[in-house]
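[1] Here you go, sequence then predicted model.
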Amino acid sequence: TRLVSDWSSDVCTSDLATLCGADTRVPLAGHLAPEIRNATLLERAPGDEPVKLSLVVRLDQALMDQMIEQLYGQSASRSKRFLSPAEFVQKFGLVDKRNELKNFARANGLTIDPDGDSDQSMIVKVSGPAGTMERTFNLQLNHYRTQDGRLFRASNTDPMVPASLTSYLGAVIGLSTVPG
């Protein structure tokens, strides 16, 4: 007979991670704006402040390296070939990854931008109020002023995301509005 614990490990896929209690949050590193170190904290962003973000699909780096080697490496054909957008989407599973990101966004009360929604895109554009973004990514959005007087919004920590989402989500762009 199978133990219940054996069965539960079989069904704990990303779709069921929350039901299985495997929804541990982990930091998505690299999102802190370095400018906040020398900026003055003004206030917490109002909860109803509109925020637009881009959720960037994580690509499998090993698969990318393999594809580059096959297409352009020493043993590749002399007549160079490129992947079509449709081949790229299929090879890297963009449709499934984008669907995971959209499901996560919707489940957390974010709105998917229908104008920027393309199966061939590596970005899922979302929007929502600052308070919802803070809860979704377990962070705090603040307003800051640089030493030269420029104002910007930034988070005080890296976003925290479910561990089950990290194989789909590579970056969250837009938490910081530091001027270029």
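    Structure received. Numbering: from 1, shown residues only.
[2] Wait, Thr157 touches Leu139, no?
    Yes: using CB atoms under 8 Å, Thr157 is in contact with Leu139, at 4.9 Å. Yep, even glycine has a C-beta here, placed from its N, CA and C like the rest.
[3] Tell me how far stretch 143-158 lies from the chain's centre.
    Centroid displacement of stretch 143-158 relative to its chain, using CA atoms, centre = their mean, to the nearest Å, is 22 Å.
[4] coming back round to it: just want to know which of Thr157 and Leu139 has more residues nearby.
    Ranked by neighbour count (other CB atoms under 10 Å), Thr157 and Leu139 place Leu139 first, with 21 against 13.
[5] and the more buried one, which of the three is it?
    Leu139 falls in the coil class when you classify it by DSSP: H, G, I helix; E, B strand; the rest coil.
[6] longest helix of the protein?
    helix 94-107 (DSSP state H).
[7] I'd like the distance from it to the chain centre, please.
    10 Å.
[8] go on, stretch 128-144?
    The answer for stretch 128-144 is 15 Å, by CA atoms, centre = their mean.
[9] From start to finish, how long is it in a straight line?
    Terminal residues of stretch 128-144 are spaced 20 Å apart (CA to CA, to the nearest Å).
[10] got it, and stretch 143-160?
    First-to-last distance for stretch 143-160 - CA to CA - comes to 20 Å.
[11] what mean pLDDT would you report for that stretch?
    Averaged over stretch 143-160, pLDDT sits at 95.
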